[in-house]
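In: Attaching a predicted model along with its sequence, questions to come.
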Amino acid sequence: MTANKIYSASVSGLEATLVEVEADQGGGEFGRISLVGLPGPSTNEAQERVRSAIKNSGYVFPRRKITVNLAPADIRKQGSQHDLAIALSILGLKNSSVFSGRHFFILGELSLSGEVKAVKKIFPLVAAAVREGCTEIFLPAENVEEISIFKKIKIFPITSLKQIADYVFKGCFLAGQVGLGPSSVETQDHEAVWQKIRGQNRAKRAAEISLAGGHHFLMVGPPGSGKTMIAQAMGQCLPPNSLNQALEIANIKSICGLPVKNDGDFFFGLFRAVHHSSSGPALLGGGKSLRPGEITLSHHGLLFLDELPQFATQTINALRQPMEKESIFLAHAEESCFFPCSFTLIATANPCPCGFWGESQHVCRCRPKQLAAYRRKIPGPVLDRFDLCLPVHYPEKIQTASYCPSAKNIWRARKTQEKRGFLNGRCPDNLLSVIALFGEKEKDFFLSAAENLHCSERGKIKILKIARTIADLAGEKEISVPHLAEAFSLRSDDTICYN
Ligand SMILES: [Zn+2]
């Protein structure tokens, strides 16, 4: 009869590794458990919990010295999720399993009485098991909902050590359920969200383009002009991601202790609004045990920085690389890792320290020196990353028809880009020819308009990316003159928008 193998898993960075748990007995020091294989402090405490839990579950604790090996030995094991696997491997020394050659992937923290408690960071742990081909997973009942997203696996919810021990050693019945797979997602109507915002048709159209193509978007305008409302509306109208992207987001949420729900929201990235008083590590990630920051939490979603010039210059500067590379490298002591951060940045700024520069109804009292110092707060290389940089003025007294971004068109544009493999806002310069498809007439229009408007080379690239998204929103294969004309019309106003 071949022995069973018992596995748990341990997280490092954003990924987990399978851990094989094996117990042996021999020598003196009755009842002592010696854990080997680089257990971290929280894993090491398992000794006390496991001994009490076994006794309180009606099983006999072996009267020998116990050694439990957690392999592979070169990876530090963090967390309390190994308790249940350790307990089961120890029980296997005295009791023979009714199963032969089976692989048990078990996660769970034990209380002294033998109850199984929920495990943190469950998503990456189970993802590792699925990746390694485990088809049966035993885990705390409280964690089941979070991982019902995984299809083709059988989940056994466990509430106590006795329950799983009775199953393995006595052949008692244990109910399992099959993973449901992610729930489907349907187009939503977001009209009401946009109708709340008076006027601002140009900014709403820019918001639609930003959402559709993942273009970083900066709104510059006086206080109370509706910039924040537009950003928040964008947060409510995020387009859905692909399944792989959604799984990445779920993984990050689980690592950060946020609930992962298998509902309609599963496919959507997060909208993270960050206050300017936030520290560098809170925004970028880091800390003692390398935690993802807000830029990683808004992976495939929106990162909203209200009043960008109020952030520490160092923090604003640090954003440049993640905006460009879509990942950030973090290191601390012996740990180092890359965290993904493919976010769309939505930022707002006042045009000057008092906020009224360029507004006909108000008087700006800022001195030229103050104005220049204020505008230097967003450095050129960061400004350069914003494809859309738009002035937002107070709405006109006379109301015109209100523009409403179309969720249907945004979702369709996203799908088109998914097939190309990247969002237009993230298109590398060397792949511009893949997205910028147009004829001779359009080319002439583009070149002469760019010359008349004194566009820089970077400016031209931004226009092409925006025009591509406008064409994708319209469901058209080639960029036409009206698409280019609209992209030029949304081009940042040099005087009010810093660059
Ligand atoms: Zn002013």
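Out: Sure, I can see it. Residues are numbered from 1 along each chain as shown.

In: May I see the buried residues of stretch 386-400?
Out: Within stretch 386-400, the residues scored as buried using 16 or more other Cβ atoms under 10 Å are 386, 387, 388, 389, 390, 391, 392, 393, 394, 395. The C-beta positions use only the backbone N, C-alpha and C, and glycine is treated the same way.

In: Okay, and which of these map to helices?
Out: Among the buried residues of stretch 386-400, no member is found in helices (DSSP state H).

In: With pLDDT as extra columns, can I get those residues in a markdown table?
Out: Below are those laid out as a markdown table (pLDDT from 0 to 100):
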| residue | pLDDT |
| --- | --- |
| 386 | 92 |
| 387 | 92 |
| 388 | 94 |
| 389 | 91 |
| 390 | 91 |
| 391 | 91 |
| 392 | 91 |
| 393 | 89 |
| 394 | 88 |
| 395 | 83 |
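
In: now those residues as a markdown table including distance to residue 114?
Out: Shown next, in a markdown table, are the buried residues of stretch 386-400 (distance: Cβ to Cβ, whole Å):
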| residue | distance to residue 114 |
| --- | --- |
| 386 | 57 |
| 387 | 57 |
| 388 | 58 |
| 389 | 60 |
| 390 | 61 |
| 391 | 65 |
| 392 | 60 |
| 393 | 66 |
| 394 | 65 |
| 395 | 64 |
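
In: If we only consider these, which is nearest to residue 367?
Out: residue 391 (21.3 Å; Cβ to Cβ).

In: Bridged to that closest one, which residues?
Out: residue 220 (DSSP bridges).

In: Can I get the lengthiest helix in the chain in PDB, CA atoms only?
Out: In the chain, with assignment by DSSP H, the single longest helix is helix 457-473. Taking C-alpha atoms only, helix 457-473 is exported to PDB below (Å, rounded to 0.1, in the frame of the first residue of the first chain):
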ATOM      1  CA  GLU A 457       7.100  63.800 -31.600                       C
ATOM      2  CA  ARG A 458       5.600  62.600 -28.300                       C
ATOM      3  CA  GLY A 459       2.600  64.700 -29.000                       C
ATOM      4  CA  LYS A 460       2.100  63.000 -32.400                       C
ATOM      5  CA  ILE A 461       2.300  59.500 -30.800                       C
ATOM      6  CA  LYS A 462      -0.300  60.500 -28.200                       C
ATOM      7  CA  ILE A 463      -2.700  61.700 -31.000                       C
ATOM      8  CA  LEU A 464      -2.300  58.400 -32.900                       C
ATOM      9  CA  LYS A 465      -3.100  56.400 -29.800                       C
ATOM     10  CA  ILE A 466      -6.100  58.500 -29.000                       C
ATOM     11  CA  ALA A 467      -7.300  58.400 -32.600                       C
ATOM     12  CA  ARG A 468      -7.000  54.600 -32.500                       C
ATOM     13  CA  THR A 469      -9.200  54.400 -29.400                       C
ATOM     14  CA  ILE A 470     -11.800  56.700 -31.000                       C
ATOM     15  CA  ALA A 471     -11.900  54.400 -34.000                       C
ATOM     16  CA  ASP A 472     -12.200  51.300 -31.700                       C
ATOM     17  CA  LEU A 473     -15.100  53.000 -29.900                       C
END
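
In: Show me which residues of it are buried.
Out: 459-473.

In: got it, and stretch 41-48?
Out: Neighbour-count burial for stretch 41-48 flags 43, 46, 47 (criterion: 16+ other Cβ under 10 Å).

In: and it, average pLDDT?
Out: Confidence over stretch 41-48 (mean pLDDT, whole number) is 86.

In: what sits up against that stretch?
Out: Stretch 41-48 is contacted by residues 10, 33, 35, 39, 70, 77-80, 82-83, 86, 110, 112 when judged by Cβ atoms under 8 Å, 6 or more residues apart in numbering.

In: what about residue 24, is that helix, strand or coil?
Out: strand (DSSP: H, G, I helix; E, B strand; the rest coil).

In: Touching, it and residue 66? I think so.
Out: Yes. Using Cβ atoms under 8 Å, residue 24 is in contact with residue 66, at 7.4 Å.

In: who touches both of these two?
Out: residue 93.

In: Mind checking which of those two has more residues around it?
Out: Comparing residue 24 with residue 66 by other Cβ atoms under 10 Å, the one with more neighbours is residue 66, at 25 against 15.

In: So that one sits against residue 90, correct?
Out: Yes. Counting by Cβ under 8 Å, residue 66 touches residue 90, with 5.8 Å between them.

In: Give me the common contacts of the two.
Out: With Cβ under 8 Å, 6+ apart, residue 66 and residue 90 have common neighbours 23, 33.

In: This protein against the ion: which residues are in contact?
Out: When proximity is defined as Cβ under 5 Å from the ion, the chain approaches the ion at 352, 354, 357, 364, 366.

In: make it 8 Å
Out: Within reach of the ion by Cβ under 8 Å from the ion, the chain has these residues: 350-357, 364-366, 370-371.

In: Reformat those residues as a markdown table; add secondary structure and pLDDT.
Out: Compiled in a markdown table, those are given as follows (DSSP: H, G, I helix; E, B strand; the rest coil; pLDDT from 0 to 100):
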| residue | secondary structure | pLDDT |
| --- | --- | --- |
| 350 | coil | 94 |
| 351 | coil | 92 |
| 352 | coil | 92 |
| 353 | coil | 92 |
| 354 | coil | 91 |
| 355 | coil | 89 |
| 356 | coil | 89 |
| 357 | coil | 87 |
| 364 | coil | 91 |
| 365 | coil | 91 |
| 366 | coil | 92 |
| 370 | helix | 91 |
| 371 | helix | 89 |
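
In: how much space is there between residue 373 and residue 244?
Out: In this view, residue 373 and residue 244 are 45 Å apart by Cβ to Cβ, to the nearest Å.

In: Near the closest residue to the ion within the stretch 151-300 of the chain, how many other residues are there?
Out: Distances between the stretch 151-300 of the chain and the ion by Cβ to the ion are smallest at residue 222, namely 9.0 Å. Using other Cβ under 10 Å, residue 222 has 22 other residues around it.

In: Can you tell me the closest non-neighbouring residue to it?
Out: Among residues not flanking residue 222 along the chain, residue 355 sits closest, at 4.7 Å (Cβ to Cβ, 6 or more residues apart in numbering).
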